[in-house]
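# This is the structure alone, sequence omitted:
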């Protein structure tokens, strides 16, 4: 049995992961259960979920982030599957390129950074999800994208905390940082758009920005020291996602 927990298409990988799982259902006699956390915050709390995409095999193996047909077939064949920690040591040379406010019309610009195989459809689904959130909360943007030589190299995304399914403090003056991307071994593409985002959030009436970050690994956000270096306060460990080697912490910053 495979259970798939996902936060709408906040993460474009949710779209491509569902495509993989549908293929598995067609090829093998495997039960797959799908749980959209968008309207089921209690389930996210119950399952200790702090990642927008989580596949759980036989109520035991938890796998966050992208999945592949090959990975699942290896598991179904009885192989032991695990992952190495996704750690990127960065020199953090700050880059300051062009910044654009993230709207659904720009969702295709992040394809090469956080969509499986640059999938056009997953980026489109991300844009549709963004539009729904923006309509519900009367938001005019959901982040800041960073461009160098007309190429999107990174950015930061946020949503109102009240729409977040995770078990975290929520109110109408707290914004939640869904993503800060990408982690690079040399360049810091994230600090410049973060600075702009903080300015824009204050204009929108937010007084606090929080995030779920991993102590060392890059997914879903990390490492922790990048956030503390940028003025966030570590509020402590929430959950240890063992297979991902992710000690997940809540961090907060007063704007």
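Here it is on my side, so go on. All values reported here derive from a predicted model rather than from experimental measurement.

# Would you mark the buried spots in stretch 119-131?
Neighbour-count burial for stretch 119-131 flags 119, 122-127, 129-130 (criterion: 16 or more other C-beta atoms under 10 Å). All C-beta spots, glycine's among them, are computed from the backbone N, C-alpha and C.

# next one: stretch 49-61
49-57.

# quick one, phi psi at the nearest residue to residue 243 once chain neighbours are set aside?
With sequence-adjacent residues excluded and distances taken as C-beta to C-beta, 6 or more residues apart in numbering, residue 243 is closest to residue 62, at 5.5 Å. Dihedral angles of residue 62 (phi, psi; degrees, to the nearest 10) stand at phi -100, psi 130.

# got it, and residue 37?
Torsion angles, degrees, to the nearest 10, at residue 37: phi -80, psi -10.

# Which residue comes closest to it once chain neighbours are left out?
residue 165 (4.0 Å).

# what do you get for residue 245?
Closest to residue 245 by C-beta to C-beta, 6+ apart is residue 85, at 3.8 Å.

# mind listing what's buried in the lowest-mean-pLDDT helix or strand in the chain?
Here the helix or strand of the chain ranked lowest by mean pLDDT, DSSP states H and E is helix 111-114, holding a mean of 80. Going by neighbour count (16+ other C-beta under 10 Å), the buried part of helix 111-114 is 111, 113-114.

# What average pLDDT does the next helix or strand after that helix get?
Proceeding N to C from helix 111-114, the next assigned helix or strand is helix 120-137, under DSSP states H and E. Confidence for helix 120-137, expressed as mean pLDDT, is 93.

# Identify the residues contacting helix 120-137?
Counting contacts by C-beta atoms under 8 Å, 6 or more residues apart in numbering, the residues outside helix 120-137 that touch it are 8-16, 102-105, 107-108, 110-111, 115-116, 139-142, 159-160, 162-163.

# Let's see that with 6 Å instead.
Helix 120-137 has contacts (C-beta atoms under 6 Å, 6 or more residues apart in numbering) with 8-9, 12, 15-16, 104, 107-108, 111, 115, 142, 159-160.

# before we move on, which element is residue 200 in?
For residue 200, the element it lies in under DSSP H and E is helix 191-203.

# per-residue confidence averaged over that helix?
98.

# Redo the contacts of helix 120-137 as TSV? Include secondary structure.
Listed next are these as TSV, based on DSSP: H, G, I helix; E, B strand; the rest coil:
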residue	secondary structure
8	coil
9	coil
12	coil
15	helix
16	helix
104	helix
107	helix
108	helix
111	helix
115	coil
142	coil
159	strand
160	strand
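
# quick one: which of those residues has the most company?
residue 12 (28 neighbours; other C-beta atoms under 10 Å).

# And that residue, how far from residue 31?
25 Å (C-beta to C-beta, to the nearest Å).

# quick one: residue 148 from residue 26, how far?
42 Å.

# got it, and residue 16?
16 Å.

# Reformat the buried residues of stretch 119-131 as CSV; add distance to residue 217.
CSV is the format used below for the buried residues of stretch 119-131 (distance: C-beta to C-beta, whole Å):
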residue, distance to residue 217
119, 23
122, 22
123, 24
124, 29
125, 26
126, 23
127, 28
129, 25
130, 26
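
# ok, which stretches of the stretch 151-255 of the chain are strands?
For the stretch 151-255 of the chain, applying DSSP state E, counting those that start in this stretch gives strands covering 151-160, 174-181, 187-188, 208-214, 233-241, 246-254.
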